[in-house]
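Participant: With the input below, show me the fold.
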Amino acid sequence: MSIVQSLIDQVEGELTRAGASGRVSRLDLVIGRLSGVHSDSIRMAFQLLSPGTVVEGAELRIDEPPAELVCRDCEARLPIRELTRSCPRCGSNAILIQGGQQLLLQSIDVDDDKDDDGT
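Facilitator: As a prediction, the model looks like this:
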C-alpha cells in the first residue's frame with residue numbers, strides 16, 4: 001500500500017512540476033522480478049487507493065524484466081527468476097546479477113483537457 005501511495009504522490013508531483021492538466025490515462029511501471037515487489041499486490045493496492053486521486057481510472061501497465069546472471073568463469077549470460085549463489089551452467093561462485101531489481105515509474109500518459117475542437 002505504501003508503495004502505491006508513494007507512486008500516486010510521485011505522479012501528482014510530476015504533473016505539478018510539468019504544469020500538466022488533464023486526466024491521467026495510463027501509468028507504465030517497471031518492477032523487476034527480483035525487486036521483492038509483487039505486481040499483483042501493486043495492482044490491488046492501486047485499485048483501492050486510486051479513487052479520488054489524479055490516477056483514478058488510469059490504466060496501470062507493468063513491465064517485469066527478468067534479472068540476468070553473468071558468470072565470470074564460463075561467461076554464461078542466463079535469465080534468472082530468483083537469486084542464486086552459483087552459475088547453473090558451471091557451478092562457479094564468480095557471478096554477477098544484473099537487472100531485475102528496479103522499481104520505476106517509467107511514464108505517465110495524460111489526456112489533454114482541451115475539447116476536440118482545440119479549445
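Participant: in the protein, which spans are strands?
Facilitator: 23-31, 59-63, 67-71, 77-80, 95-98, 103-111 (DSSP state E).
Participant: Format those strands as a markdown table; extra columns: mean pLDDT, distance to residue 88 and mean neighbour count.
Facilitator: (C-beta placed from N, C-alpha, C; glycine too.) Listed next are these as a markdown table, based on pLDDT from 0 to 100; distance: least, C-beta to C-beta, whole Å; neighbours: other C-beta atoms under 10 Å:
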| stretch | mean pLDDT | distance to residue 88 | mean neighbour count |
| --- | --- | --- | --- |
| strand 23-31 | 97 | 24 | 18 |
| strand 59-63 | 98 | 25 | 14 |
| strand 67-71 | 96 | 7 | 18 |
| strand 77-80 | 94 | 6 | 14 |
| strand 95-98 | 96 | 10 | 14 |
| strand 103-111 | 96 | 26 | 14 |
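Participant: Any chance of TSV for the ones you listed, columns distance to residue 45?
Facilitator: Listed next are the strands of the chain as TSV, based on distance: least, C-beta to C-beta, whole Å:
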stretch	distance to residue 45
strand 23-31	12
strand 59-63	10
strand 67-71	24
strand 77-80	27
strand 95-98	27
strand 103-111	13
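Participant: Can you tell me which of those strands is nearest to residue 9?
Facilitator: Closest approach to residue 9 among these (C-beta to C-beta): strand 103-111, 10.8 Å.
Participant: send the alpha carbons of that closest one over as PDB?
Facilitator: Extracted C-alpha coordinates of strand 103-111, given in PDB (Å, rounded to 0.1, in the frame of the first residue of the first chain):
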ATOM      1  CA  LEU A 103      11.100  -0.300  -9.200                       C
ATOM      2  CA  LEU A 104      10.500   2.600 -11.600                       C
ATOM      3  CA  LEU A 105       7.700   4.900 -12.800                       C
ATOM      4  CA  GLN A 106       8.600   4.900 -16.500                       C
ATOM      5  CA  SER A 107       5.900   7.100 -18.000                       C
ATOM      6  CA  ILE A 108       2.700   9.000 -17.300                       C
ATOM      7  CA  ASP A 109       0.200   9.500 -20.100                       C
ATOM      8  CA  VAL A 110      -2.200  12.400 -19.700                       C
ATOM      9  CA  ASP A 111      -5.200  13.200 -21.800                       C
END
